[in-house]
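Peer 1: Sequence first, predicted coordinates after that:
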Amino acid sequence: MNLLTIIFSLALFELSLGASVTVMIPGVPVALPITENGPDDKPSSGVCVREVGLACEVPGSIMAYDGPECCYECVCEKDHTTTCCRTTALPHVKNPPHCTMYLNPDTCIYELYPKCKGDCHILGWYYTAPEDGGINNVADNDGLVTV
C-alpha cells in the first residue's frame, strides 16, 4: 500500500465518521475536501490531493504524473504547487468490508467484487469538487486549464 492510498483511506475514514479534519504530514500530499454525489450523478473526476512538495513552472498546465500508481491527472496551480486527481470517482458501496474494490490500471475503472449479493451496491460517488481544489477539466480562452 503506497502513501497516496493511505492518505485517501484516511480521508474516506474521516468522511465516514462525519469529520472534517485535514491530514497534514510534512512533505506528504495533502488530501483535499471530499464530496459525495448520489448514485445517478457520477462526477467526471475523483478524489484529489495537493502535492505540496512537487513544484511546477507554468500555472494551468497539465503535469505528467509519474508516481507508483496510475489513473491520475495533475495540474500546476497558481502558487506553483501541483494538484493531482484520480481520473474516476471512487464508488461509495453499501458494505465496504464485504466489497473488494480494484482500480484497473489499464482502464482506470473500479472493478467491484462482492462477497455477498448486494454488498457492492453503489450508494454514491466520492470526489473533490472544483470549488474545493479539484480539477475542473474546462479550458478557458487562452488554452489553460481552469483550476
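Peer 2: Perfect, thanks for sending it. Numbering: from 1, shown residues only.

Peer 1: pLDDT score for Glu111?
Peer 2: Predicted confidence (pLDDT) for Glu111: 91.

Peer 1: what residues are up against the residue nearest to it when sequence neighbours are not counted?
Peer 2: Closest residue to Glu111 apart from its sequence neighbours, by CB to CB, 6 or more residues apart in numbering: Tyr102 at 4.7 Å. Just so you know, the C-beta spots here come from the backbone N, C-alpha and C atoms, and that holds for glycine as well. Tyr102 is in contact with Tyr110, Glu111, Tyr113, counting by CB atoms under 8 Å, 6 or more residues apart in numbering.

Peer 1: Just the buried residues of the one helix or strand Tyr102 maps to, please?
Peer 2: Secondary structure assignment for Tyr102, by DSSP states H and E: strand 99-103. Neighbour counts over strand 99-103 (16 or more other CB atoms under 10 Å) mark Cys99, Leu103 as buried.

Peer 1: that's a helix at Cys108, yeah?
Peer 2: No: counting by DSSP: H, G, I helix; E, B strand; the rest coil, Cys108 falls outside a helix, being coil.

Peer 1: Just confirm it contacts Tyr72, I think it does.
Peer 2: No: the criterion here is CB atoms under 8 Å, and Cys108 misses it with Tyr72 at 9.1 Å.
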